[in-house]
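1. structure for this input, please:
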Amino acid sequence: MPEQAGREVEHEITVLAAPHEVYRLLAEVENWPRLFPPSVYVEYLERDGNEERIRIWATANGEAKNWSSRRVLDPEGLRITFRQEVSAPPVAEMSGTWIMEPLGEHGTRLRLLHEYRAIDDDPEGLAWIDEAVDRNSRAELPALKAGLEEATTAEELTLSFVDSVQVHGSPKDLYDFVNEAQLWTERLPHVKEVKLTEDTPGLQVLRMDTVAKNGSTHTTESVRVCFPHHRISYKQTTLPALMTLHTGYWLFDEGADGVATASSQHTVVINAENIATILGPDAGIPEAREFIREALGTNSRATLGHAKEYAEARR
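-> Sure, this is the predicted structure:
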C-alpha cells in the first residue's frame, strides 16, 4: 500500500491593519492572550536569532492545556513558521506558516497554512484532523482579526497598571496566599464564593463571586498558570460586561534585608458598547478607565494587604 502524503490546507482573512503591525503582534508572543481567545499565557523557552522555542498555555473544550512549539521568524518576508514538538493523537505531525501580504494601502491578507499527518496515515484520523483544523481556523481567524484591529486602532480602550506592597516576609508565603485561592472566602472579605480546580499541578481554573463597593456581586472565571514561588499569570475567561479582555499576573520578588515585593498587574480592554449601560448615558471612555482602575485596584490592594499580613505573621 503506498504511503499516504501529508495534508496541506490554507485559510485566510483580511485585516484592516498594516502588514508589519500584524507581523509584530503575532511575533511578540506576550500579545497572544489578547489576540487568541483560547490563549492564557505564553513564555519563551529558548531564543537564538530568529529561531525560538515557546510554551503555550490555552483552553480547549473548557479545559486548560499546554504544549511547546518551535518557530522561525522572517521579519523581512513577513512570515512565521511553527511546528508542534509533541502532537496529540491522532496527529502524527503538525506544522504551519503565518503569511502577511499587503492589501491596499493599510490592509493585510493574513494567510494561515497547515501541514499535518495522521498516526499510521490512518484515513479516519486524517479526516478527524481535517475537521478540527478547519473548525478551529474558521473560529480563530475572525477573533484574531478583531484582536489585531483593536490592538492597532483603539489604544484608548486598553488599560494596564500595577499595584505593589513591600513585605517583611518571604515570597513563598506571599505566593502561597495567592495560590491557595480555595481559601479566599475565609481570607478575603470581598470574595463571597470560590471554586478552584487544579487537575494538572500549576494549572488552575478559578471561579469566584466578588462583592463590589456598591454591594453588587460579580462572577468571574480565570485560568491561572502558576510558577512557584515567583509568579501566577492569569486570563479571565468569564468577564464583566465592561471588559472584552482581562489578563494579569501576581509577582513575588525577593528583596534585600528580608523585604519582599508583592505586585498585582492588570491589562484590560474596555467594552465601549457597554459603557453607557453600566456607567450612565453621560459616561465615556475616561470614566470607564477610572471606574475599572478603581474597582480592580481596590480588590488587588485588599488581596495584597491580606497577603502581607499573612506573610509577616509567619516570619
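
2. do a quick rundown of the helices in the stretch 51-200 of the chain.
-> Taking DSSP state H, counting those that start in this stretch, the helices of the stretch 51-200 of the chain run over residues 123-153, 171-179, 184-187.

3. least reliable of the ones you listed going by mean pLDDT?
-> The weakest mean pLDDT among the helices of the stretch 51-200 of the chain belongs to helix 123-153, with a mean of 90.

4. mind giving me the packing neighbours of that helix?
-> strand 7-15, helix 19-27, helix 32-35, strand 107-118 (3 or more C-beta pairs under 8 Å, 6 or more residues apart in numbering; DSSP states H and E). Where C-beta positions appear, they are placed from N, C-alpha and C, glycine not excepted.

5. which of those is buried the deepest?
-> Greatest average neighbour count among these goes to helix 32-35 (a mean of 23), per mean count of other C-beta atoms under 10 Å.

6. now for it, which elements pack on it?
-> Using 3+ C-beta pairs under 8 Å, 6+ apart as the test, helix 32-35 ends up in contact with strand 39-48, helix 123-153, strand 243-253.

7. before we move on, back to that, just put the helices of the stretch 51-200 of the chain in TSV and tack on mean neighbour count.
-> Below are the helices of the stretch 51-200 of the chain laid out as TSV (neighbours: other C-beta atoms under 10 Å):
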stretch	mean neighbour count
helix 123-153	16
helix 171-179	22
helix 184-187	15
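
8. just the buried positions in the one helix or strand Met208 maps to, please.
-> In this structure, Met208 sits in strand 203-211 according to DSSP states H and E. By 16 or more other C-beta atoms under 10 Å, the buried positions in strand 203-211 come out as 203-208, 210-211.

9. take the helices and strands packed on helix 32-35 and lay them out in CSV including distance to Ala58.
-> What follows is those, written out as CSV (distance: least, C-beta to C-beta, whole Å):
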stretch, distance to Ala58
strand 39-48, 5
helix 123-153, 11
strand 243-253, 13
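
10. Leu73: which of these is closest?
-> The closest of the helices and strands packed on helix 32-35 to Leu73 is strand 39-48. By C-beta to C-beta, the value is 9.9 Å.

11. hmm, who's touching the closest one?
-> By C-beta atoms under 8 Å, 6 or more residues apart in numbering, the residues outside strand 39-48 that reach it are 29-30, 32-33, 52-59, 64, 68, 223, 225, 233-235.

12. stretch 272-292 now?
-> Here stretch 272-292 has contacts from 154, 156-157, 159, 241-243, 268, 270, using C-beta under 8 Å, 6+ apart.

13. could you do stretch 65-79 as well?
-> Against stretch 65-79 from outside (C-beta under 8 Å, 6+ apart): 19-20, 23, 27, 45, 50-59, 80-86, 88, 97-101, 203, 225.
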